[in-house]
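Chemist: pasting the structure only:
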């Protein structure tokens, strides 16, 4: 064999060794990491299926029944809708602490416009939806145009809207019976229907529809790609021609609109219009988003993951309740899941870097 042949063989062998060393997908861990990186909703889906299986084996038919499983959907419908709004904001590397307050004040506007001012209930609902959208747009303007930190803006807005909610409503609750007799449209999203042994509400269908629509928009539209780009690196997105300011304002406005829908669903869920309802929605929505695998640093995650995150909380809550466990165990396990979800996100980012 000639010297040149030996040289080519040596170079070829070295090149193949380098290629094998550089292959990030080689081995189970590499392939698993690649799957997590490309499919952010995979981790919460695995956790959801595992938790359903564990509680199903422990509780049997008491948990594995159409009624129980659809009850989980009913319990998480409000949080699921608000979490969808929160997901949009967090994807832009922001956070919205006012989502719960926006939902509640939107429901109060719908109720007060109907009963205090005598507007047709359809007009009152539309006013509530527009009110929520306007508050969200104001948040977006303060973040995008005034360059204020999202945490500070929405923390302040949470306090302002919360106070305005109590002042405007005079801390009065519009009773369920009054609504059912005079304005049943306000309770529309709480209407139930049955398919076999499963019981659904219109609010559950609304939650699923919002998740699917947002999933499609984020994946298949220019606006969706801009949302991810802004969250990943706003300066680079600006240099690439993305209108970062308008993207941020539109994200917060859409989030406000979705929160207003949650406010409408809240009326259907509890039956009444109460200014004291939904006090923990901001924390619960962030919990669902984090457990759902959306990165708090922005630019990575899936709206379907948020949906799975909300369902995980619902499964743990119902499962532990059926087991007769103390409610504090629910908070303990959810806290562990939150820390684990952030740890997994850090691991994915570190290995992908």
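Modeler: Right, received. Where do you want to start? Please read these numbers as outputs of a predicted model, since none were measured by experiment.
Chemist: and stretch 268-284, end to end?
Modeler: Stretch 268-284 has an end-to-end distance of 19 Å (Cα to Cα, to the nearest Å).
Chemist: pull the distance from it to the chain's centre.
Modeler: 17 Å (Cα atoms, centre = their mean, to the nearest Å).
Chemist: any buried residues in that stretch, and which?
Modeler: 268-275, 277-278, 281-282, 284 (16 or more other Cβ atoms under 10 Å). The way it works is simple: take the backbone N, C-alpha and C, and place the C-beta from them, glycine included.
Chemist: just the closest of these to residue 311, please.
Modeler: Using Cβ to Cβ, residue 284 is the member of the buried residues of stretch 268-284 that lies nearest residue 311, at 12.9 Å.
Chemist: report the rounded mean pLDDT for stretch 268-280.
Modeler: For stretch 268-280, the mean pLDDT works out to 92.
Chemist: how deep is residue 97 tucked in, by neighbour count?
Modeler: Using other Cβ atoms under 10 Å, residue 97 has 23 neighbouring residues.
Chemist: could we number from 16 for the rest of this?
Modeler: Will do, 16 is the new start, and the previous item becomes residue 112.
Chemist: that one against residue 164, yeah?
Modeler: No. Assessed by Cβ atoms under 8 Å, residue 112 is found out of contact with residue 164, at 11.4 Å.
Chemist: so how far is residue 136 from the residue most central in space within the chain?
Modeler: Per Cα atoms, centre = their mean, the C-alpha nearest to the average position across the chain is that of residue 98, at 2.6 Å. From residue 98 across to residue 136, the span is 27 Å (Cβ to Cβ, to the nearest Å).
Chemist: now do residue 199
Modeler: Applying Cβ to Cβ, the value for residue 199 to residue 136 is 8 Å.
Chemist: please say which of those two ends up with more neighbours.
Modeler: Higher neighbour count among residue 199 and residue 136: residue 136, with 19 against 13, using other Cβ under 10 Å.
Chemist: do you know how far that one is from residue 288?
Modeler: According to Cβ to Cβ, residue 136 stands 12 Å off from residue 288.
Chemist: overlap in contacts, these two.
Modeler: 125, 201 (Cβ atoms under 8 Å, 6 or more residues apart in numbering).
Chemist: all helices of the stretch 266-368 of the chain, in order?
Modeler: Taking DSSP state H, counting those that start in this stretch as the test, the helices found in the stretch 266-368 of the chain are 296-306, 318-337, 342-367.
Chemist: off-centre distance for the shortest one?
Modeler: Taking the mean C-alpha point of helix 296-306 and that of its whole chain, the gap between them comes to 7 Å (Cα atoms, centre = their mean).
Chemist: tell me what it is packed against?
Modeler: Contacts defined by 3 or more Cβ pairs under 8 Å, 6 or more residues apart in numbering; DSSP states H and E place helix 296-306 against helix 81-106, helix 114-130, helix 318-337, helix 342-367.
Chemist: same list (the ones you listed) but as a markdown table, adding distance to residue 237 and mean pLDDT.
Modeler: What follows is the helices and strands packed on helix 296-306, written out as a markdown table (distance: least, Cβ to Cβ, whole Å; pLDDT from 0 to 100):
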| stretch | distance to residue 237 | mean pLDDT |
| --- | --- | --- |
| helix 81-106 | 15 | 95 |
| helix 114-130 | 25 | 97 |
| helix 318-337 | 17 | 93 |
| helix 342-367 | 25 | 80 |
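Chemist: export those helices to CSV and tack on distance to residue 229?
Modeler: Output for those, formatted as CSV (distance: least, Cβ to Cβ, whole Å):
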stretch, distance to residue 229
helix 81-106, 6
helix 114-130, 15
helix 318-337, 5
helix 342-367, 20
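Chemist: comparing the ones you listed, which comes out most buried?
Modeler: Comparing these by mean neighbour count (mean count of other Cβ atoms under 10 Å), helix 114-130 comes out on top with a mean of 28.
Chemist: quick one, the next helix or strand after that helix and helix 114-130 angle?
Modeler: Downstream of helix 114-130, the next assigned helix or strand under DSSP states H and E is helix 136-159. Going by axes from the mean of the first three to the mean of the last three Cα atoms, to 10 degrees, helix 136-159 is angled at 150 degrees with respect to helix 114-130.
Chemist: how far off centre is helix 136-159?
Modeler: 19 Å.
Chemist: again, but for stretch 301-317
Modeler: 8 Å.
Chemist: which SSE is residue 214 in?
Modeler: strand 213-216.
Chemist: partner strands of that strand and their direction?
Modeler: Taking DSSP bridges as the criterion, strand 213-216 forms sheet pairs with strand 207-210 (antiparallel).
Chemist: what does the strand it pairs with contact?
Modeler: 214, 215, 216, 217.
Chemist: recalculate using a threshold of 6 Å.
Modeler: 214, 215, 216 (Cβ atoms under 6 Å, 6 or more residues apart in numbering).
Chemist: same thing with stretch 178-186?
Modeler: Counting by Cβ under 6 Å, 6+ apart, residues outside stretch 178-186 touching it are 119, 120, 123, 290.
Chemist: just flag the most distant two among the residues you listed.
Modeler: 120 and 290 (8.1 Å).
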